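Q: requesting a structural model of the entry that follows:
(2 chains)
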There are 2 protein chains.
Amino acid sequence: MKVYHQSDLDKMEKRYRAAFVNSLSGFKSANLIGTQNSQGQSNLAIFSSAFHLGSDPALLAVISRPNTVARHTIENIQENGHYTLNHVSEQIYKKAHQTSARYPRETSEFDAVGLNKEYLENFKAPFVQESNIKMALKLCEIIHIKRNKTDMLIGEIAFIVLPDNIVQDDGYLDIEAAQTICLSGLDRYHKTTQLSRLPYAKP
Amino acid sequence: MKVYHQSDLDKMEKRYRAAFVNSLSGFKSANLIGTQNSQGQSNLAIFSSAFHLGSDPALLAVISRPNTVARHTIENIQENGHYTLNHVSEQIYKKAHQTSARYPRETSEFDAVGLNKEYLENFKAPFVQESNIKMALKLCEIIHIKRNKTDMLIGEIAFIVLPDNIVQDDGYLDIEAAQTICLSGLDRYHKTTQLSRLPYAKP
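A: Residues are numbered from 1 along each chain as shown, chains lettered A, B, ... in the order given. From the prediction side, this is the model:
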């Protein structure tokens, strides 16, 4: 075992520290966020920071860092108010990762990486056709976190599209059966194997 | 494929909706938070909401819902300012899950579930001896999210203890080799298999 102190982290080279610290929270979700601006220019970007904020009302949040390649995504969400969250599956993770390249604003990552745009229910943002679990989100609120100049975008779920056979009797969604994968660090992709479902814990 | 609208979510029975919506963000991290109050009474609780907030400074955040079984954890963090985050591994996930039972305040979940308390470097909160990746955190800030009455606790990393052989040349930590697992929904535990590491994406 080795101990790393705050001062050791401070001394690390920037990219080394990013890889190291990004690994510490554990496994992360892998989602593609689809957006478009008011001219209809679409954008697609992979995010590992989407998380569950609450189920009643159903809220999901995403953390956005300043001046990242994902800035077009955030600008579009602020402009349009609508965005989509699409699970990354084993079939598309390489294309999903490629959306993190710094494409110019006029390039749609859908075209650049070879994923298909899909519009559903007149929602004003594009879905990823190849994704198995897709959500339409409406921006509720952006909370600025002063300490490290990040923004937390809170969205409420307008609708969800998913394979009916993954919905279990108690409401649980078998996202493993939908081939959803997860991430660690900045760029490692993992598939999962269920260990078990544990019953509601009682003392 | 099936479409679920916001109105369908509103109509779901409470526990069904919790299981359903908790599955939507994708896979989640699994961490045990160790705390103690000013009388030295220790507490241990599993959280699936810890996430990476930033690497410089190194910040981790946790979402806390009001009136949950984890309320003792949050009270202790507010009182003490120090807490620990301990990765849940395949070896301890059943005991980790059992910490979610509603034990009375005077019961330490360490004793109740059979995990060993460990104190390191004079830090004022207990670690889980059996956990392979352990972090000492100091509370920076609590952001109250009005929309659903949750709190986001932001903590800075004081120090980290981990197996030296999981640190790779570029700073990435092989958390899969450390047998860290992940969660989906409220109570499904999954181990992982790395698909691949992808290079830094360029257009």
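Q: pull out the buried positions in the lowest-mean-pLDDT helix or strand in chain A.
A: Using mean pLDDT, DSSP states H and E, helix A:71-80 stands out as the lowest-scoring helix or strand of chain A, at a mean of 92. Neighbour counts using 16 or more other Cβ atoms under 10 Å in any protein chain shown place A:Arg71, A:His72, A:Thr73, A:Ile74, A:Asn76, A:Ile77, A:Asn80 of helix A:71-80 among the buried residues. The way it works is simple: take the backbone N, C-alpha and C, and place the C-beta from them, glycine included.
Q: restricting to C-alpha, output it in CSV.
A: Taking Å, rounded to 0.1, in the frame of the first residue of the first chain, the C-alpha atoms of helix A:71-80 are listed here in CSV:
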residue,chain,number,x,y,z
ARG,A,71,-18.2,23.6,-24.6
HIS,A,72,-20.4,23.5,-27.8
THR,A,73,-22.7,21.1,-26.0
ILE,A,74,-23.2,23.4,-23.1
GLU,A,75,-23.7,26.4,-25.3
ASN,A,76,-26.3,24.5,-27.2
ILE,A,77,-28.1,23.4,-24.1
GLN,A,78,-28.2,27.0,-22.8
GLU,A,79,-29.4,28.3,-26.1
ASN,A,80,-32.0,25.6,-26.8
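Q: which is the succeeding secondary structure element to that helix?
A: On the C-terminal side of helix A:71-80, the closest following helix or strand by DSSP states H and E is strand A:82-87.
Q: for chain A, which segments count as strands?
A: Along chain A, counting by DSSP state E, strands occupy A:2-5, A:28-29, A:31-36, A:42-47, A:51-55, A:58-64, A:82-87, A:117-118, A:127-128, A:134-145, A:150-162, A:182-184, A:188-197.
Q: make JSON lines out of those and add mean pLDDT and distance to A:Gln168.
A: Converted to JSON lines, these look like this (pLDDT from 0 to 100; distance: least, Cβ to Cβ, whole Å):
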{"stretch": "strand A:2-5", "mean pLDDT": "98", "distance to A:Gln168": "41"}
{"stretch": "strand A:28-29", "mean pLDDT": "98", "distance to A:Gln168": "19"}
{"stretch": "strand A:31-36", "mean pLDDT": "98", "distance to A:Gln168": "21"}
{"stretch": "strand A:42-47", "mean pLDDT": "96", "distance to A:Gln168": "26"}
{"stretch": "strand A:51-55", "mean pLDDT": "97", "distance to A:Gln168": "16"}
{"stretch": "strand A:58-64", "mean pLDDT": "97", "distance to A:Gln168": "18"}
{"stretch": "strand A:82-87", "mean pLDDT": "98", "distance to A:Gln168": "17"}
{"stretch": "strand A:117-118", "mean pLDDT": "98", "distance to A:Gln168": "26"}
{"stretch": "strand A:127-128", "mean pLDDT": "98", "distance to A:Gln168": "24"}
{"stretch": "strand A:134-145", "mean pLDDT": "97", "distance to A:Gln168": "18"}
{"stretch": "strand A:150-162", "mean pLDDT": "97", "distance to A:Gln168": "12"}
{"stretch": "strand A:182-184", "mean pLDDT": "98", "distance to A:Gln168": "20"}
{"stretch": "strand A:188-197", "mean pLDDT": "95", "distance to A:Gln168": "9"}
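Q: may I see those strands arranged in TSV, with distance to B:Thr107 as well?
A: Formatted as TSV, these follow (distance: least, Cβ to Cβ, whole Å):
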stretch	distance to B:Thr107
strand A:2-5	30
strand A:28-29	32
strand A:31-36	38
strand A:42-47	39
strand A:51-55	28
strand A:58-64	32
strand A:82-87	39
strand A:117-118	51
strand A:127-128	47
strand A:134-145	35
strand A:150-162	34
strand A:182-184	33
strand A:188-197	25
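Q: including distance to chain B and mean neighbour count, could these go into CSV?
A: Converted to CSV, those look like this (distance: least, Cβ to the nearest Cβ, whole Å; neighbours: other Cβ atoms under 10 Å in any protein chain shown):
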stretch, distance to chain B, mean neighbour count
strand A:2-5, 4, 15
strand A:28-29, 3, 28
strand A:31-36, 6, 28
strand A:42-47, 9, 24
strand A:51-55, 4, 24
strand A:58-64, 5, 23
strand A:82-87, 6, 26
strand A:117-118, 11, 16
strand A:127-128, 11, 25
strand A:134-145, 6, 19
strand A:150-162, 5, 20
strand A:182-184, 4, 26
strand A:188-197, 4, 17
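Q: can you tell which of the ones you listed is closest to B:Asn148?
A: B:Asn148 lies closest, by Cβ to Cβ, to one member of the strands of chain A: strand A:51-55, at 4.0 Å.
Q: list the neighbouring strands of the closest one plus their orientation.
A: strand A:58-64 (antiparallel) (DSSP bridges).
Q: now the angle from the strand it pairs with to strand A:150-162?
A: 130 degrees (axes from the mean of the first three to the mean of the last three Cα atoms, to 10 degrees).
Q: surely A:Ile143 and B:Lys146 touch.
A: No: in this structure A:Ile143 lies outside contact range of B:Lys146 using Cβ atoms under 8 Å: 9.7 Å.
Q: run the contact check for the least confident helix or strand of chain A versus chain B.
A: No: on the criterion Cβ under 8 Å from any Cβ of the partner chain, helix A:71-80 is out of touch with chain B, staying 13.3 Å away.
Q: so how far is chain B from A:Asp170?
A: A:Asp170 sits at a distance of 5 Å from chain B (criterion: Cβ to the nearest Cβ, to the nearest Å).
Q: right, and that residue touches B:Ala18 too?
A: No: here A:Asp170 does not reach B:Ala18: they are 9.6 Å apart, not a contact under Cβ under 8 Å.
Q: out of these two, which sits in the more crowded spot?
A: Shown here are A:Asp170 and B:Ala18; by other Cβ atoms under 10 Å in any protein chain shown, B:Ala18 has more neighbours (20 against 15).
Q: noted, bye for now.
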